[in-house]
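Asker: build the 3D model from these lines:
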Amino acid sequence: MTRPQLAHPPSSENAELHEKDFYGWAMRSAELVRQGRFDEVDRESLAEELEDMGKSERRELIGLLGQSFTHAIKHQYLLDRSPGDERKWRVDAQVFWRDAMSVLRDNPGLKGTMDRIVEEAWDKAKGEVFRSFEEFDVESDLNAAGIPGKCPLHHEAILSGDFLPVPPERKNPVHGPGSE
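Answerer: Okay, the predicted model is just below:
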């Protein structure tokens, strides 16, 4: 498939710079855009780089949600195998979830692809859980531990954090200054 010829092809100097010096190309392209010298912009490379930036944000969200799911899975399904890790898994699930929601707030366009993002994050989490426990010889052993193959969480629960493990009720609450 051949690409249509641009009415004003980008300067070959700018296109060559993309291959030889990415930083230099990026700074030069930004300068050309700011100056309105669009005919000199290497449009194809610029479009590819912009797409890659979007993909990077998506990968970051998947990674953070995957980490949150990993710790939530461990807390919910595998706590009996490592009871001393309860607090760590609960806190890590919450921290990674907050970071994921920050990425989502900064990139609301990702909400339109949440089905696929959640699926990929859940698969990533299952893989991490599998690698974390020597007792699992094959990934299908996760099913025997009760860990669902597909994410059982609804988007509303994920977005609100309702799936996160909650701390156990304290028997001896800690009182702050001035409390009785």
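Asker: any idea which helix or strand in this protein has the lowest mean pLDDT?
Answerer: Counting by mean pLDDT, DSSP states H and E, the chain has its least confident helix or strand at helix 12-20, which shows a mean of 78.
Asker: relative to helix 12-20, how tilted is whichever helix or strand comes after that helix?
Answerer: Per DSSP states H and E, the first helix or strand lying C-terminal to helix 12-20 is helix 22-34. Using axes from the mean of the first three to the mean of the last three C-alpha atoms, to 10 degrees, the direction of helix 22-34 lies 140 degrees away from that of helix 12-20.
Asker: quick revisit: list the contacts of the least confident helix or strand of the chain.
Answerer: G24, W25, R28, S29, L32, E40, V41, D42, E44, S45 (C-beta atoms under 8 Å, 6 or more residues apart in numbering). Where C-beta positions appear, they are placed from N, C-alpha and C, glycine not excepted.
Asker: residues of it that come out buried?
Answerer: N14, A15, L17, H18 (16 or more other C-beta atoms under 10 Å).
Asker: cool, and stretch 58-76?
Answerer: Buried, per 16+ other C-beta under 10 Å, within stretch 58-76: 58, 60-75.
Asker: that one - what's its average pLDDT?
Answerer: What stretch 58-76 shows for mean pLDDT is 97.
Asker: now do that stretch: distance to the chain's middle.
Answerer: Distance of stretch 58-76 from the chain centroid (C-alpha atoms, centre = their mean, to the nearest Å) equals 8 Å.
Asker: try stretch 120-137
Answerer: Taking mean C-alpha positions (C-alpha atoms, centre = their mean), stretch 120-137 and its chain are 17 Å apart.
Asker: output that stretch as PDB, nothing but the C-alphas.
Answerer: What follows is stretch 120-137, C-alpha atoms only, in PDB (Å, rounded to 0.1, in the frame of the first residue of the first chain):
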ATOM      1  CA  GLU A 120      -5.200  -7.200  30.100                       C
ATOM      2  CA  ALA A 121      -4.600  -6.000  33.700                       C
ATOM      3  CA  TRP A 122      -6.400  -9.100  35.100                       C
ATOM      4  CA  ASP A 123      -4.300 -11.400  32.900                       C
ATOM      5  CA  LYS A 124      -1.100  -9.600  34.000                       C
ATOM      6  CA  ALA A 125      -2.200  -9.900  37.600                       C
ATOM      7  CA  LYS A 126      -2.800 -13.600  37.300                       C
ATOM      8  CA  GLY A 127       0.600 -14.100  35.700                       C
ATOM      9  CA  GLU A 128       2.200 -12.200  38.600                       C
ATOM     10  CA  VAL A 129       0.400 -14.300  41.200                       C
ATOM     11  CA  PHE A 130       1.400 -17.500  39.400                       C
ATOM     12  CA  ARG A 131       5.100 -16.500  39.500                       C
ATOM     13  CA  SER A 132       4.800 -15.400  43.200                       C
ATOM     14  CA  PHE A 133       3.800 -18.800  44.600                       C
ATOM     15  CA  GLU A 134       6.000 -21.900  44.100                       C
ATOM     16  CA  GLU A 135       3.000 -24.200  44.800                       C
ATOM     17  CA  PHE A 136       1.500 -23.300  41.500                       C
ATOM     18  CA  ASP A 137       3.100 -25.600  38.800                       C
END
